[in-house]
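Trainee: predicted model, plus sequence, below.
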Amino acid sequence: MYKLQLCLRYLRTRWIAMASIVSVMLGVATMIVVNSVMAGFATEMRERIHGILADIVVETHTLDGDPDAAARMQEIQEVAGNYVEAMTATVEVYGMISFKYRGQVITRPVTLIGIDPETKGAVSPLVTNLTSFTSGRRMGLALEDDANIGCRVAGVLSGSSADTGGIHAGDRITGCNGTAVQDTRELASRLKNAVDQKAIELDIIRDGQPLTLELPVPRPTWNLTADAREHRRAIIELERRRLEWNQPQDIVPAGGTQAAPQPTPPDLNTPPGSQPSPLTPPPSFETIPPPARDFSTPGTPAPLGSDVADLSDPLPARVYLGAGLIEFPIEDKKTGEIRIERMVLSGEDVRITTVSAGRPPEPRHFTATVVDVFKSGMSEYDSNLVFCNLEELQQTRGMIDPSTGDRAVTSIQVKLKNFEDAETVVERLRAAFPAHIYSVRTWQQKQGPLLAAVELETGILNILLFLIITVAGFGILAIFYMIVVEKTRDIGILKALGASRRGIMSIFLGYGLALGVVGSGVGVLLGLVFVHYINQIEDGITWMLGRKVFDETIYYFPEIPTAVNPLTVGWVALGAIAIAVLASILPARRAAKLHPVQALRYE
């Protein structure tokens with residue numbers, strides 16, 4: 001009993017022990033915060049990588065591809081049909097993309113991937129990476145921010161999923177899938193995280209009454225949104241008017257009674273249809289032959305003719321562009337705010353160059369309409385990938401057999417019913433497909449170096465941070481030695497009164513255990529609170545420093561991601577307690593070895 005009383009007394013009265021408690025507390029809290037943030041980053045990164053790749057990828061080693069994709073998919077179904085949920089065929093090849101921006105032609109190297117949006121959406125959440133979906137346009141929503149909390153619905157497209165779900169103009173969206181949203185930016189983040197969901201739930205306020213509506217998640221398609229169609233119609237109309245103005249005018253012969261009127265150049269800044277035409281009479285649009293245009297120039301609008309039924313119709317070749325290819329941050333000199341400048345908008349055309357299949361490979365060029373922009377949050381994907389409609393890419397590269405109509409593909413992506421069966425399926429497919437022709441890997445194996453780098457970084461950080469707790473252990477060791485020297489007389493009296501060596505030793509071991517338990521407990525509590533309010537803390541630091549600490553344009557996250565692992569928290573706390581106990585062993589042994597006569601000789 002005296003051992004417990006002495007431990008508690010020293011814990012309450014020895015203020016020097018507070019230094020040990022604080023050091024243990026800070027070490028434990030720091031490790032919990034860092035592990036939670038790193039786990040959040042790793043989880044987000046894995047989800048975003050998995051959002052581009054399917055569970056298993058079967059690839060050919062050659063860019064010519066497999067000439068019979070249907071037969072290969074049938075073999076996969078026969079070998080592992082019980083495990084397979086969906087499959088899609090793709091063509092992956094390197095290329096170049098060119099477009100015009102403010103009078104200059106910009107060319108970038110890309111990886112061109114031909115996909116079928118319907119089947120690609122079945123093996124990975126492609127639609128949640130499209131900016132038209134995260135902004136609400138793909139669902140038929142026009143959103144805007146105001147002074148109130150949430151997003152105001154400015155308009156709803158007739159026949160869209162928002163219209164089908166019962167959203168009305170004037171509604172205010174306050175939550176998505178059970179999570180509150182403050183503005184359109186938070187709503188975009190919540191929509192992006194709606195991975196593998198066939199429907200989303202939106203919490204709205206209508207006429208002061210809260211409602212919860214379910215909206216079906218639209219499937220990805222190659223159709224333009226209403227805004228993109230209007231933008232395309234406007235730029236094509238401006239191009240038509242420019243060509244119309246550049247046509248030669250009739251020359252009035254010398255001695256004519258009336259001089260030819262000099263038309264006023266049209267104002268291209270005015271939207272089409274809002275100003276009267278200065279040409280009298282204006283030539284009929286139908287009677288103007290399609291002008292001879294050089295489509296080797298990137299960014300040229302679609303030709304006006306029988307190939308396009310409407311001004312807003314896209315070209316046969318259509319693409320999803322990675323946001324990193326066409327976006328860059330720019331600072332407003334007046335306000336200092338960072339905004340994203342987009343060089344190509346949905347509805348505009350770009351020029352793509354790639355190589356043909358066969359030997360020798362030859363350059364192939366085609367013009368495609370930008371249907372959407374995807375942003376996965378992985379910079380190496382967003383600044384490199386371009387998704388194109390599979391049929392056009394196969395046609396351009398000459399991957400269609402003219403006699404049989406078979407279409408070659410370079411990879412087949414497979415989604416499993418349960419990813420835990422991935423190793424079994426990979427072994428079966430590797431046995432069925434020759435290794436010198438095909439490569440069979442899971443998405444984790446395909447991105448192995450990147451995932452391994454994150455795990456290595458997390459491990460190194462844990463080692464470095466654990467040294468903080470180790471330093472706290474050395475502090476406990478030094479403090480206990482000081483206590484032993486200071487309390488030599490008290491130890492001698494206790495031993496003279498009959499205290500055993502084990503009893504003296506247990507006093508100091510219990511004292512070390514108490515320091516470890518208190519420091520670990522407070523550290524765990526502090527770390528969990530910090531993790532829970534980490535984004536609010538980041539906002540406060542940003543306000544104090546006057547600059548953004550966690551910049552979304554750099555880290556590709558709208559907020560700091562966190563993921564608390566209870567097992568990790570437990571191991572950190574137990575490790576800190578163990579270090580505190582181990583650090584008290586040597587002083588406890590020294591105190592236990594003191595002889596009462598030697599301890600009291602000079603007293």
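Mentor: Thanks, I have it. Quick caveat, the model's predicted, so the values are computed rather than measured. Residues are numbered from 1 along each chain as shown.
Trainee: host element of Glu75?
Mentor: helix 69-80 (DSSP states H and E).
Trainee: C-terminal to that helix, what's the next element?
Mentor: strand 84-101.
Trainee: in the helix or strand just after that next one, which residues are buried?
Mentor: Following strand 84-101 in sequence order, the next helix or strand is strand 104-115 (DSSP H and E). Across strand 104-115, burial judged by 16 or more other C-beta atoms under 10 Å covers 106, 108, 110, 112-115. Glycine gets a C-beta too; all of them are placed from N, C-alpha and C.
Trainee: can I get these in CSV with distance to Leu450 and pLDDT?
Mentor: Listed next are the buried residues of strand 104-115 as CSV, based on distance: C-beta to C-beta, whole Å; pLDDT from 0 to 100:
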residue, distance to Leu450, pLDDT
Ile106, 27, 92
Arg108, 22, 93
Val110, 19, 94
Leu112, 21, 94
Ile113, 18, 93
Gly114, 24, 93
Ile115, 22, 92
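Trainee: number of residues surrounding Gly546?
Mentor: Applying other C-beta atoms under 10 Å, we find 7 residues neighbouring Gly546.
Trainee: ok, back up a step: for the helix holding Glu75, buried residues please.
Mentor: 69, 72-73, 75-76, 79-80.
Trainee: try stretch 454-473
Mentor: Neighbour counts over stretch 454-473 (16+ other C-beta under 10 Å) mark 458, 461-462, 465-466, 468-470, 472-473 as buried.
Trainee: now, those residues that are in helices?
Mentor: Of these, the ones assigned to helices by DSSP state H are 458, 461-462, 465-466, 468-470, 472-473.
Trainee: and the residues you listed, which two are the farthest apart?
Mentor: Thr458 and Gly473 (22.7 Å; C-beta to C-beta).
Trainee: in a markdown table: the ones in helices among the buried residues of stretch 454-473, plus pLDDT.
Mentor: A markdown table is the format used below for these (pLDDT from 0 to 100):
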| residue | pLDDT |
| --- | --- |
| Thr458 | 80 |
| Leu461 | 81 |
| Asn462 | 81 |
| Leu465 | 79 |
| Phe466 | 80 |
| Ile468 | 76 |
| Ile469 | 76 |
| Thr470 | 80 |
| Ala472 | 77 |
| Gly473 | 79 |
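Trainee: and of those, the nearest to Leu157?
Mentor: Thr458 (44.6 Å).
Trainee: report the spatially nearest residue to that closest one, omitting neighbours in sequence.
Mentor: Closest residue to Thr458 apart from its sequence neighbours, by C-beta to C-beta, 6 or more residues apart in numbering: Met38 at 4.7 Å.
Trainee: and for Arg190?
Mentor: Here the nearest residue to Arg190 in space, its sequence neighbours aside, is Cys176; by C-beta to C-beta, 6+ apart that works out to 3.8 Å.
Trainee: how deep is the one you found tucked in, by neighbour count?
Mentor: Residues contacting Cys176 under the criterion other C-beta under 10 Å number 22.
Trainee: try Phe99
Mentor: Phe99 has 22 neighbouring residues, counting by other C-beta under 10 Å.
Trainee: can I assume it is in contact with Val350?
Mentor: Yes - with contact defined as C-beta atoms under 8 Å, Phe99 counts as touching Val350 (4.5 Å).
Trainee: below-threshold pLDDT in the protein: ranges please.
Mentor: Filtered on pLDDT under 70, the chain yields the residue ranges 1-17, 146-147, 192-197, 248-311, 336, 485-499, 551-556, 558, 594-603.
Trainee: assign a three-state SS to the residue most central in space within the chain, would you?
Mentor: The residue lying closest to the centre of the chain (C-alpha atoms, centre = their mean) is Gly377, at 2.8 Å. At Gly377, secondary structure determined by DSSP: H, G, I helix; E, B strand; the rest coil is coil.
Trainee: and the gap between it and Thr134?
Mentor: Shown here: Gly377 relative to Thr134, a distance of 11 Å by C-beta to C-beta, to the nearest Å.
Trainee: ok, Leu318 - contacts?
Mentor: No Leu there; residue 318 is Arg. 222, 368-371, 388-389, 392 (C-beta atoms under 8 Å, 6 or more residues apart in numbering).
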